[in-house]
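Colleague: Got a predicted model here, sequence first, then my questions.
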Amino acid sequence: MGLNSRIIFHLMGLLLLFNGGFMLLAALVSGIYKDGATLGITLAAVTTMFVGIIAMFFTRGHKKEVKRKEGYIIVTFGWIIMAASGVLPYLITGAIPNITDAFFETMSGYTTTGASILNDIEVMPKGILFWRSLTHWIGGMGIIVLAIAILPLLGIGGMQLFAAEAPGPGGDKLHPRITDTAKRLWFIYVGYTLAETLLLRLAGMSFFDAINHSLATLSTGGFSTKNASIAFWNDQPVIQYIIILFMFLAGTNFVLSYFAFKGRVQKILKDEEFRFYSLFIALFALLAAVVVYFQADVAVSAYHPQVLGDLESSFRHALFQVIAVVTTTGFVTADFTAWTPFLTVCFFGLMFAGGSAGSTAGGIKIMRHILIIKNGLLEFKRTLHPSAIIPVRYNDKTVTEHIVYNIIAFFVLYMLLFIIGALVLGFLGLDFVTAIGGAASSLGNVGPAFGTLSPLNNFSGLPALGKWWCGFLMLAGRLELFTVLILITPYFWKRT
C-alpha cells in the first residue's frame, strides 16, 4: 500500500495556517510597539497562511487515517515546514537577512534549543523578538502533543512506557480521547505561562520581558530579550528564583502537574522519575554551590560585576545553572564554563541528562537513564542466575523487554550521533572543546555550549555548513532520533 499523501499535505497546510496565525500575533505586538517591522511580519503571516490554505484546499476529501509511515513523515516534515515558514518574518523584515542564519535561529526556536546567532539581541524590533519567543512556545506545545498523543502510537524510544503510565490504556489515563488529553495538558501549559508572566511582572520585569521569558521558560527554550540573558537581573534574585521554579516545572512530566491540580499528590511522590529528577538536581546544585562558594575568585559573573562569593548568591547561581542545563532551557546567569574545570566537566555531563518524559525538555530523559541503570545492575543477577527471569521494574510495574531494548537502542544511537556530530564539527574546523560542546548542546537542545560557543559567545561564528548541521542535530534530538533517522533508511520508502 502507498502513502496517504493527501492527508500529509493537508496537515502540512493546517500547520502553515496555524503558524501564520501566530505570526499575526507577533505583527500585532510589532504594531503596538511601533517598531517598524509590522508590515514585514504581516506579509510573512499572509504568505504562510495563503500557502497553507492552498495546500488544504487541494487535498480535500482525504482519507482520515494516519498510519505509522504517515505519522513519521508528518512529525518530521511538520517541524521542517514550520521552520521553513518561520524564517519569513526574519527575512522579510531584514532582521536576519541571511537564509542560513535565519533558518538556524528558527530551527533553534522550534526545537526549543535556544542557541542563537544574534550578536545584539536588544536592537531587534519588539515584534521580531516576540516572534522568536513564540517559536519556542509553539515548539514546546507541539512536543507535549507528540509525547502524549503521537510518539506512543509510533512506538518511539521508550515513550510506550510513558503512554502506559499516563494517557494510554490503564487507570492513570487523563481522558480516554487523545484530543481531550492534549487539551488538558495545553491548558496547564498556557496556565503556567500566564502565571509566570504575572509573577515576573510583579517581581519587577517589564510586561514585554515577562511574557517573552515565560514563553521561553515553559518551552525550556532559553531565548532571552537581553544580551546578558537572565544575568541582566543578577541584582534581582526574586526574578531568578521565579524562573528557577518554572524551569523545574517545565522539565517535569506535565501529567504530574495534572495530578497535582487534581490533588493526587501521593501519585507524584511515588513517581520514580520525579523523585530521581528532583534528587539529581538537588545534589548537583549543592555540589556546584559548594565549589562556587569556595572558589569565588574564579566564579565571577561575566555579565555582571558581581562576585559569587556569598552563600545565597553561590547557591542561586549554581541551582539556576544546574536546572537550566538539566531541563535544557539554556538560560544563563553567569558563565558556568568558567567555574573550575571540575564543574565544566559536570555541566558537560548534565547536557546528556535531559528532563522528564512528557515534559518540554530535550535530552535523553531521566526515565531512560533510570531504566538503563536498572537493567545494567540486573545483568549481574542474570549472570549469576542465567535461567531466572528477572524483569526490570519501574513504578512497581514490569517493563517489557521490547521497551528495554528500545531504550538501549535509543541510548546507543544518541551517543553515536553525538560522536558523528562532534566529528563533523571538528572536520569543519572547530576545536575539540567547541566541537563536542556544540554537538552535545545541539543534540540535547540545551543552547549554550563550551569553547567558542560558551554563554559569553553564540553560534554566529559557526561556518554555514556547521549551522545547517547543528540544525539537523537539533531536529533529530528534539524528535527522539528514530522519528527523523528512519526517514533516511531505504526500507522506509519501500511499498508494502
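Modeller: All right, it came through fine. Numbering: from 1, shown residues only.
Colleague: Next, residue 398: secondary structure please.
Modeller: With DSSP: H, G, I helix; E, B strand; the rest coil as the basis, residue 398 sits in strand.
Colleague: Excluding chain neighbours, give the residue nearest to it in space.
Modeller: Closest residue to residue 398 apart from its sequence neighbours, by CB to CB, 6 or more residues apart in numbering: residue 391 at 4.6 Å. In this view, the C-beta of every residue, glycine as well, is placed from N, C-alpha and C.
Colleague: Identify the residues contacting that neighbour.
Modeller: By CB atoms under 8 Å, 6 or more residues apart in numbering, the residues touching residue 391 are 398, 399, 401.
Colleague: Show me the shaky parts of the stretch 351-496 of the chain.
Modeller: 496 (pLDDT under 70).
Colleague: just the strands in it please.
Modeller: 392-394, 397-399 (DSSP state E, counting those that start in this stretch).
Colleague: roughly how far is the last one from the heart of the chain?
Modeller: So the one you mean is strand 397-399. Relative to the centre of its chain, strand 397-399 is centred 28 Å away, using CA atoms, centre = their mean, to the nearest Å.
Colleague: buried sites along it?
Modeller: Using 16 or more other CB atoms under 10 Å as the test for burial, strand 397-399 gives residue 399.
Colleague: what helices or strands is it leaning on?
Modeller: For strand 397-399, the elements it packs on are strand 392-394, judged by 3 or more CB pairs under 8 Å, 6 or more residues apart in numbering; DSSP states H and E.
Colleague: Show me the contact partners of the strand it packs on.
Modeller: For strand 392-394, the external contacting residues (CB under 8 Å, 6+ apart) are 161, 272, 367, 370, 371, 374, 375, 378, 398, 399, 404.
Colleague: buried ones in that strand?
Modeller: Buried residues in strand 392-394 (16+ other CB under 10 Å): 392, 394.
Colleague: who does that strand pair up with?
Modeller: With DSSP bridges as the test, strand 392-394 is paired with strand 397-399 (antiparallel).
Colleague: okay, the contacts of residue 391 in a markdown table with distance to residue 339 next?
Modeller: Listed next are those as a markdown table, based on distance: CB to CB, whole Å:
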| residue | distance to residue 339 |
| --- | --- |
| 398 | 42 |
| 399 | 37 |
| 401 | 42 |
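Colleague: ok, these vs residue 80, which is closest?
Modeller: Of all the contacts of residue 391, residue 80 sits closest to residue 399, with 32.9 Å by CB to CB.
Colleague: I'd like to know the beta-bridge partner residues of that closest one.
Modeller: residue 392.
Colleague: Check which helices and strands whatever helix or strand residue 184 lives in is in contact with.
Modeller: For residue 184, the host element (DSSP states H and E) is helix 178-202. Helices and strands touching helix 178-202, by 3+ CB pairs under 8 Å, 6+ apart, are helix 126-145, helix 207-218, helix 237-250, helix 254-261.
Colleague: Could you quantify the relative orientation of the third one and helix 207-218 as an angle?
Modeller: Angular relation of helix 237-250 and helix 207-218 on a 0 to 180 degree scale: 40 degrees, by axes from the mean of the first three to the mean of the last three CA atoms, to 10 degrees.
Colleague: in helix 237-250, what's buried?
Modeller: Here helix 237-250 shows 237, 239, 240, 242, 243, 244, 245, 246, 247, 248, 249, 250 as buried, counting by 16+ other CB under 10 Å.
Colleague: Could you let me know which of those ends up closest to residue 71?
Modeller: The closest of the buried residues of helix 237-250 to residue 71 turns out to be residue 250 (CB to CB; 25.6 Å).
Colleague: For residue 44, give its distance to residue 38.
Modeller: Counting by CB to CB, to the nearest Å, the gap from residue 44 to residue 38 is 11 Å.
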